[in-house]
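Trainee: sequence unknown, structure follows:
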């Protein structure tokens, strides 16, 4: 027995030593001109990757690509709405397991810059805020309002429990933590920023804290005493001048968001910028000793209902597409692009002595899938849940629904024609009369009414409303409720007596009532396709109208024929040999029942 105990003790000592060796403490500090890692100058060459936008199974391969390009650090936001989808209900599992994401980075030899600000922007639904904040009367995000600060404090403490122990000063690989996010583009309340700083420290973030803002907004967004970082500026002299001005005349100098390209929204062209246009800029910044974070190094895909929207007075409502390709160094599938190659050549020049880059992993294989049928169909109108009844329309938030769709139903005396008007529709509606779709309304186009003719007798008006993504940037963050947010009139008279059916589409399992041919309203189509091998592929949605796709239970995101995105990326990690299940929610073309897949994406096709 004593021998057994001695062996067990020795084994525990070995294991503990191994864990200690892996989590050996380092120091990370701000020098007058440089970051100091273990007391030596450290130039951070970072790239942004967002864990919810990449399948968990692919996190490690993306990290290996980062190392191969020459990055030494990964930047990521932390997304409040995925971690606390309902008040007091937290989720840090599966694709939300940010602790594992950070640990994989450590295992791959990468430091992490953490951005757990309650607001992230990121072209993400509501800028990362959970929808339910809007149900607390008087709550005002990004302010000193008591309810907001209380919810924020609860959330950041939950994040701190998991991630504060992974800071570099505790033996982990998180070297810096950002408070708030581009706050100077929204406000200038230094007391509010100081509250942010205090709450982060109370949550255990006791290492280097910093702020980041676009160049013109650093004055309003920085907090005296913290390092100010700048976004979107890459002229070395100006970067240093700006940071010196707000940091006691010294550095370090950090471009927290260096943009090699841009994101896309529905109905506009796919944004691309030639690699040659930015390789020289990268060279000049690194030559000046400035640290950077590429936004994005790899964008991935905004799946489910997590895309956000912009809204500006001059340009209006701009919901973002599912692909977050971003024309980044890694494409949506995680393969090297010409930017990757060009940037790698630049970064090589600034590596420490005796450091060689690993070989670039080979491009992942991709495949086509021949045309297959979705033989089963379920009419949306035949698969409705129990309704909520109210005199006037209720918003998504009133119905305690986060994302997806709500069907509004009312009965009106028929035999007439007139204008059906929806006041403050948010955001897209399919109008259905007696089971037949008669038109659509699109907030992007400032459409809020259409002429309808009602048949004789009592007519049933159904209005299927889609949340196209809550606003993620700017002054309209507080105007983010979805659905029919005010009233509905027909022929000038207000329509009352509504039944409302919540359709969040967390999955499609409840849609079991099949439909015969001739459906003239939104439909769920279901089918299977058989594979002898698995590889990345891209579902070709060009024949379809508008909707969402699920494969093997995974929500792949939204499609819309107006473009620019015409395909949906389907990662190999979510496929299997043999039969694969697929469901498609189609709003506009219920007659389409076949689908195929391509071996490359179509991200640049605009249609009327």
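Mentor: Now that the structure is in, tell me what you want to look at. All values reported here derive from a predicted model rather than from experimental measurement. Numbering: from 1, shown residues only.
Trainee: Give the closest residue to residue 323 in space, chain neighbours not counted.
Mentor: What sits nearest to residue 323 in space, not counting adjacent residues and going by CB to CB, 6 or more residues apart in numbering, is residue 565, at 5.0 Å. Quick note: C-beta positions are derived from backbone N, CA and C, even for glycine.
Trainee: Tell me the secondary structure at the one you found.
Mentor: With DSSP: H, G, I helix; E, B strand; the rest coil as the basis, residue 565 sits in coil.
Trainee: ok, how many other residues are close to it?
Mentor: 26 (other CB atoms under 10 Å).
Trainee: if I read this right, it contacts residue 556, doesn't it?
Mentor: No: between residue 565 and residue 556 there is no contact under CB atoms under 8 Å: 11.5 Å.
Trainee: which neighbours do the two share?
Mentor: Residues touching both residue 565 and residue 556 (CB atoms under 8 Å, 6 or more residues apart in numbering) are residue 322.
Trainee: In this structure residue 409 contacts residue 495, no?
Mentor: No: using CB under 8 Å, residue 409 makes no contact with residue 495, being 10.6 Å away.
Trainee: Now for these two: what residues contact both?
Mentor: In contact with both residue 409 and residue 495: residue 461, using CB under 8 Å, 6+ apart.
Trainee: show me what contacts the spatially most central residue of the chain?
Mentor: The centroid of the chain falls nearest to residue 124 when counting by CA atoms, centre = their mean (4.1 Å). Listed by CB under 8 Å, 6+ apart, the contact partners of residue 124 are 77, 79, 81, 302, 306, 307, 308, 472.
Trainee: Which of those residues sits closest to residue 561?
Mentor: Relative to residue 561, the closest of the contacts of residue 124 is residue 307; by CB to CB it sits at 16.7 Å.
Trainee: now that closest one, which residues is it bridged with?
Mentor: Residue 307 has the following beta-bridge partners by DSSP bridges: residue 124.
Trainee: burial count for it?
Mentor: For residue 307, using other CB under 10 Å, the count is 27.
Trainee: Reformat the contacts of residue 124 as JSON lines; add distance to residue 373 and pLDDT.
Mentor: Below are these laid out as JSON lines (distance: CB to CB, whole Å; pLDDT from 0 to 100):
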{"residue": "77", "distance to residue 373": "40", "pLDDT": "98"}
{"residue": "79", "distance to residue 373": "37", "pLDDT": "98"}
{"residue": "81", "distance to residue 373": "36", "pLDDT": "98"}
{"residue": "302", "distance to residue 373": "29", "pLDDT": "98"}
{"residue": "306", "distance to residue 373": "30", "pLDDT": "98"}
{"residue": "307", "distance to residue 373": "29", "pLDDT": "98"}
{"residue": "308", "distance to residue 373": "35", "pLDDT": "98"}
{"residue": "472", "distance to residue 373": "38", "pLDDT": "97"}
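Trainee: Let's see the ChimeraX selection covering just the buried ones among those residues.
Mentor: To isolate in ChimeraX the members of the contacts of residue 124 that are buried, counting by 16 or more other CB atoms under 10 Å, one can use:
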select :77,79,81,302,306,307,308,472
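Trainee: Spatially, which two of the contacts of residue 124 are the most separated?
Mentor: Pairwise distances across the contacts of residue 124 peak at 14.8 Å for 77 and 307 (criterion: CB to CB).
Trainee: Can you find the helix or strand in the protein with the smallest mean pLDDT?
Mentor: Ranking every helix and strand in the chain by mean pLDDT, DSSP states H and E puts helix 2-22 at the bottom, with a mean of 42.
Trainee: need the next SSE after it, C-terminal direction.
Mentor: strand 28-30 (DSSP states H and E).
Trainee: Can you tell me what sits against whichever helix or strand comes after that next one?
Mentor: Note on strand 28-30: by DSSP H and E, the next helix or strand toward the C-terminus is strand 35-37. Strand 35-37 is contacted from outside by 26-30, 41-44, 175, 252, 254, 291, using CB under 8 Å, 6+ apart.
Trainee: try stretch 429-442
Mentor: 381, 420, 422, 425, 427-428, 447-450, 452, 454-455, 459-466, 520-522, 587-588.
Trainee: how far does it sit from the chain's center?
Mentor: Distance, stretch centre to chain centre, for stretch 429-442: 30 Å (CA atoms, centre = their mean, to the nearest Å).
Trainee: Buried residues in it, which are they?
Mentor: So for stretch 429-442, counting by 16+ other CB under 10 Å, buried means 429, 430, 431, 432, 433, 434, 437, 438, 440, 441, 442.
Trainee: Between its first and last residues, what's the separation in that stretch?
Mentor: Terminal residues of stretch 429-442 are spaced 7 Å apart (CA to CA, to the nearest Å).
Trainee: for that stretch, what is the average pLDDT?
Mentor: For stretch 429-442, the mean pLDDT works out to 98.
Trainee: and what of stretch 536-549?
Mentor: 98.
Trainee: start at 257 instead
Mentor: Sure, I'll start numbering at 257, so the last one becomes stretch 792-805.
Trainee: what residue ranges in the stretch 257-406 of the chain are flagged as low confidence?
Mentor: For the stretch 257-406 of the chain, applying pLDDT under 70 flags the ranges 257-279.
Trainee: again, only using 50
Mentor: 257-278 (pLDDT under 50).
Trainee: the strands in it, which residues?
Mentor: Read by DSSP state E, counting those that start in this stretch, the stretch 257-406 of the chain holds these strands, from start to end of the chain: 284-286, 291-293, 296-298, 301-305, 329-333, 367-371.
Trainee: So which of these is nearest residue 542?
Mentor: The nearest among the strands of the stretch 257-406 of the chain, by CB to CB, is strand 301-305 at 7.1 Å.
Trainee: quick one: contacts of the closest one?
Mentor: Residues contacting strand 301-305 (CB under 8 Å, 6+ apart): 318-319, 322, 325-332, 367, 369, 513, 542, 547-554, 556, 585, 603, 606.
Trainee: and that strand, how far from the chain's centre?
Mentor: Mean-position distance between strand 301-305 and its chain equals 16 Å (CA atoms, centre = their mean).
Trainee: Strand 329-333 and that one, what's the angle between them?
Mentor: 40 degrees (axes from the mean of the first three to the mean of the last three CA atoms, to 10 degrees).
Trainee: who's in contact with stretch 597-609?
Mentor: Stretch 597-609 has contacts (CB under 8 Å, 6+ apart) with 299, 301, 324-327, 516, 531-532, 534-535, 538-539, 542-543, 550, 585, 613, 616.
Trainee: Mind pulling the model confidence for residue 765?
Mentor: 86.
Trainee: Oh, that last question was meant for residue 768, not what I typed.
Mentor: 86.
Trainee: cool, residue 731 as well?
Mentor: 88.
Trainee: isn't residue 798 right next to residue 817, touching?
Mentor: Yes: proximity of residue 798 to residue 817 meets the contact threshold set by CB under 8 Å, at 7.0 Å.
Trainee: Could you check which of these two is surrounded by more residues?
Mentor: Neighbour tally, residue 798 and residue 817, criterion other CB under 10 Å: the higher count belongs to residue 817, 18 against 14.
Trainee: Compute the distance between residue 758 and residue 803, please.
Mentor: Noted for residue 758: a distance of 18 Å to residue 803, by CB to CB, to the nearest Å.
Trainee: give me every residue that touches the closest residue in space to residue 723 that isn't next to it in sequence.
Mentor: With CB to CB, 6+ apart as the criterion, residue 723 has its nearest non-adjacent residue at 4.2 Å, and that residue is residue 738. Taking CB under 8 Å, 6+ apart as the criterion, residue 738 is in contact with 651, 652, 653, 682, 683, 721, 723, 726.
Trainee: Of the residues you listed, which is the most crowded?
Mentor: residue 726 (30 neighbours).
Trainee: how near is residue 392 to residue 368?
Mentor: According to CB to CB, residue 392 stands 32 Å off from residue 368.
Trainee: Restricted to helices, list the contacts of stretch 597-609.
Mentor: Here DSSP state H is the test, and the contacts of stretch 597-609 give 324, 325, 531, 532, 534, 535, 538, 539, 542, 543 as lying in helices.
Trainee: just curious, which of the residues you listed is nearest to residue 647?
Mentor: Among these, and counting by CB to CB, the member closest to residue 647 is residue 534, at 56.4 Å.
Trainee: That's all I had, so thanks and see you.
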